[in-house]
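Trainee: quick one: sequence and predicted model below, then my questions.
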Amino acid sequence: MLRNAQRTLLSLLAQLGILAGAVVISVPALYMVSASLMSSQDFFAAQVKLLPSSLYLQNYVEVFSVFNFGNYLKNSFIVTGAVVLLNLIFTPMVGYSLAKFDFPGKTLLLLFVLATIMIPFTAILIPLFLIIRSFGWVNSYPGLVMPFAMSAFGVFLMRQFILAVPDDYIDAGRIDGASELRIYFQIVVPLIQPALITLAIVVFVASWDEFLWMLIVTTGDALRTLPVGLAKFVEQYRTRYELMMAGSVVAAAPVVLLFLAVQRRFLQGMAGLSGLK
Amino acid sequence: MNDAIAAATRRNQVKSERPSIFGKSLAARKMRFGLLFAAPAFIFFGLFYVYPLFRTFYVSLFSWSLLDEPRFIGVTNYVNLSNDKEFINSIGVSFYYAIGVCVAIWVIALALALMFNQTFRFRQAYLSVYYLPAVISLTVWSLVWLFMYNPSFGLFSEFARWLGFTNVRMLDNPQTAMPAMILLSIWKGTPVYMLIYLAGLRAIPGDYYEAAKVDGASALQRLWHITLPLLRPVFLYVVVISIIGAFQAFTPMYLLTNGGPGSATRVLSMFIFQNGFQFLKMGYASAASVIFLLILLVFSIVQFRILRFQQQD
């Protein structure tokens, strides 16, 4: 009897603990949304307010009309879209070659990819900038996109998935006289579709988040993506918190919507990255 | 990954007589198409990631502002770095930040993963909420926390006042600016590692626990003798990835303090960025990058040693 009561109490406490944790974790996000709906008067009160005195949507209007956030949003979608597309085209091919083929230089390629994962991006920032500059790509879409056209993690993710594709399927294609390209596009690609969706999600999030490179390679306002646009906004208007938060909501919304739409796959994808040791 | 490389190397040694790549045999055809599929990756990773590694070292031997002609000065940049208090400080600051963030993440993420490895009501919904900090970009979170740390109307400052602290100015005080960064980074970084641990926990066969239960092992004993030892490879992976990640941190420092107050949050990445792209000292910043690479190389070597130990167990 007593044991049972104890157990119920413990489980109730645990439930409460989990709930409390969830509340604490959501507070900054909720606070962001709430502050984005406050008028600047709400801040002059110089006191912490949890909720706006009235829903003030003007901030969002201002962010798009007075400031350039519509343009930043467009750039973010263009750059992220291009990066995702290029990754979807190239990484599965490379993963396929590493999983199912034997060719001279394979070890070298594995080393390249491994090195890319281990090299801190900051440490190659300057030479990478010099290369992009010598191509004449500074402050251009190719300059923003090309360094992320293939993700090393993505290559390993694809290799892992394609290893699980039975060789028989591929050999059957060969026996039927299919060309290697046809085998790839008509047998391998359809089989790894779930992995491709995972890859797209992972790359989308990483690319949407990219800050340092975009900061360096954009020299004017025209090509700034949302993270850089936000940063430059803050440099100029450090006290306009209501606009800062409205801009933040704009920057956060697409990824959050994607997350809500495909939660399970999203989480599996992120955990899947860890399977790569 | 290491296994793959080892296997590939072994294969190369065994098959010393390789068929010609131009032959009509299946092996030759596979070799050609393997190369064809891999070609974009050779060009891409070679050009954008491996070649810059060598170029960094090369540029570090020059004095160059991008606007003038590079002038060869040998190891002068390195000598100057070793006398540069700002540089030495930035290494210390990077270590402070990395240790502060990583140790907390290792522990908290593991605890959360163990929690989510249980079954309880609304588990999936909770998992999504707990993962939320990882979904939204670091730029956005940096601004939200900049707002939260605001002395007069930030939520964090209010909370600290409620706890009894007076005059809370987290970002203006050299003593508290770094803890403020660390807190934000732990909060943003933990969920990803939680998922990695969780995937590792899921991979442990349930039979082990059943057997231990039959033998009368308590929950704590099961955790200590089964879960944690089997989780060791995952833990090592988390350690390496989190350290590399923490040393690269840049966004929060750039947005919240720009390296200040004083140099309290000027991490190595910030030092390289400022010297390279604000002071246009390409050679000097490259030399700092080389040192940065060496530091992380040491970490990687230690990690591979540990992994090798593990394989011998």
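Mentor: The structure has been received and is ready for your questions.
Trainee: make it CA atoms for all contacts and neighbour counts henceforth
Mentor: OK.
Trainee: can stretch A:174-181 be found next to chain B?
Mentor: Yes - using C-alpha under 8 Å from any C-alpha of the partner chain, stretch A:174-181 comes into contact with chain B via A:Glu180.
Trainee: and the end-to-end length of that stretch?
Mentor: For stretch A:174-181, the first-to-last residue distance is 11 Å (C-alpha to C-alpha, to the nearest Å).
Trainee: off-centre distance for it?
Mentor: 36 Å (C-alpha atoms, centre = their mean, to the nearest Å).
Trainee: equivalent analysis for stretch B:290-298, please.
Mentor: 14 Å.
Trainee: buried residues, that stretch. List them.
Mentor: Of all the residues in stretch B:290-298, those buried under the rule 16 or more other C-alpha atoms under 10 Å in any protein chain shown are B:Val290, B:Ile291, B:Phe292, B:Leu293, B:Leu296.
Trainee: contact partners of it?
Mentor: A:Ile119, A:Pro120, A:Ala123, B:Thr56, B:Phe57, B:Ser60, B:Ile244, B:Leu268 (C-alpha atoms under 8 Å, 6 or more residues apart in numbering or on different chains).
Trainee: and what of stretch B:51-58?
Mentor: Outside stretch B:51-58, the residues that reach it (C-alpha under 8 Å, 6+ apart) are A:Ala123, A:Ile124, A:Ile126, A:Pro127, A:Leu128, B:Ser286, B:Ala287, B:Ser289, B:Val290.
Trainee: who wins on neighbours among the contacts of stretch B:290-298?
Mentor: Neighbour tally across the contacts of stretch B:290-298 (other C-alpha atoms under 10 Å in any protein chain shown): the maximum, 30 neighbours, falls on B:Leu268.
Trainee: returning to that earlier point: can you lay out the contacts of stretch B:290-298 as JSON lines showing pLDDT, distance to B:Ala212 and secondary structure?
Mentor: Converted to JSON lines, the contacts of stretch B:290-298 look like this (pLDDT from 0 to 100; distance: C-alpha to C-alpha, whole Å; DSSP: H, G, I helix; E, B strand; the rest coil):
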{"residue": "A:Ile119", "pLDDT": "83", "distance to B:Ala212": "42", "secondary structure": "coil"}
{"residue": "A:Pro120", "pLDDT": "84", "distance to B:Ala212": "43", "secondary structure": "coil"}
{"residue": "A:Ala123", "pLDDT": "86", "distance to B:Ala212": "48", "secondary structure": "helix"}
{"residue": "B:Thr56", "pLDDT": "92", "distance to B:Ala212": "54", "secondary structure": "helix"}
{"residue": "B:Phe57", "pLDDT": "92", "distance to B:Ala212": "55", "secondary structure": "helix"}
{"residue": "B:Ser60", "pLDDT": "92", "distance to B:Ala212": "58", "secondary structure": "coil"}
{"residue": "B:Ile244", "pLDDT": "85", "distance to B:Ala212": "37", "secondary structure": "helix"}
{"residue": "B:Leu268", "pLDDT": "93", "distance to B:Ala212": "48", "secondary structure": "helix"}
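Trainee: show me where chain A has strands.
Mentor: Applying DSSP state E to chain A gives no strands.
Trainee: what's the answer for chain B, then?
Mentor: Using DSSP E, strands in chain B cover B:62-63, B:71-72.
Trainee: out of those strands, which gets nearest to chain A?
Mentor: strand B:62-63 (12.8 Å; C-alpha to the nearest C-alpha).
Trainee: distance of A:Glu210 relative to A:Leu144?
Mentor: A:Glu210 is 10 Å from A:Leu144, by C-alpha to C-alpha.
Trainee: now B:Pro205
Mentor: In terms of C-alpha to C-alpha, B:Pro205 sits 45 Å off from A:Leu144.
Trainee: between these two, who's got more neighbours?
Mentor: Between B:Pro205 and A:Leu144, A:Leu144 has the larger neighbour count (other C-alpha under 10 Å), namely 28 against 9.
Trainee: what residue ranges in chain A score low on pLDDT?
Mentor: Residues of chain A meeting the criterion pLDDT under 70: A:1-2, A:44-47, A:270-277.
Trainee: can you pull up the most central residue in it?
Mentor: What sits nearest the mean C-alpha location of chain A, by C-alpha atoms, centre = their mean, is A:Val205, with 1.0 Å.
Trainee: tell me the domain boundaries of chain A?
Mentor: Here the domain assignment for chain A is A:2-58, A:64-274, based on automatic domain parsing.
Trainee: would you mind finding the most buried of those?
Mentor: Highest mean neighbour count of those: domain A:64-274, a mean of 19 (counted as mean count of other C-alpha atoms under 10 Å in any protein chain shown).
Trainee: picking up where we left off before, from the buried residues of stretch B:290-298, pick the one nearest A:Ser53.
Mentor: Relative to A:Ser53, the closest of these is B:Phe292; by C-alpha to C-alpha it sits at 49.4 Å.
Trainee: next up, the contacts around the residue nearest to the centre of chain A.
Mentor: Contacts for A:Val205 (C-alpha under 8 Å, 6+ apart) come out as A:Val255, B:Val135, B:Ser137.
Trainee: okay if I get the buried residues of stretch B:290-298 as JSON lines plus pLDDT and distance to A:Leu243?
Mentor: Listed next are the buried residues of stretch B:290-298 as JSON lines, based on pLDDT from 0 to 100; distance: C-alpha to C-alpha, whole Å:
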{"residue": "B:Val290", "pLDDT": "94", "distance to A:Leu243": "40"}
{"residue": "B:Ile291", "pLDDT": "94", "distance to A:Leu243": "40"}
{"residue": "B:Phe292", "pLDDT": "93", "distance to A:Leu243": "37"}
{"residue": "B:Leu293", "pLDDT": "91", "distance to A:Leu243": "39"}
{"residue": "B:Leu296", "pLDDT": "86", "distance to A:Leu243": "39"}
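Trainee: what's the closest of these to A:Val165?
Mentor: B:Leu296 (35.7 Å).
Trainee: B:Ala104 touches B:Ile186, doesn't it?
Mentor: Yes - B:Ala104 lies in contact with B:Ile186 (C-alpha atoms under 8 Å); the separation is 7.0 Å.
Trainee: about what we covered before: got the contacts of stretch B:51-58 as TSV, with distance to A:Phe69 columns?
Mentor: TSV is the format used below for the contacts of stretch B:51-58 (distance: C-alpha to C-alpha, whole Å):
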residue	distance to A:Phe69
A:Ala123	31
A:Ile124	30
A:Ile126	29
A:Pro127	31
A:Leu128	28
B:Ser286	34
B:Ala287	37
B:Ser289	34
B:Val290	37
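Trainee: flag every residue of the stretch 51-200 of chain B that's near chain A.
Mentor: B:52-53, B:55-56, B:59, B:126, B:128-130, B:132-133, B:135-140, B:143-145, B:147-148, B:152-155, B:158, B:192, B:195-196, B:198-199.
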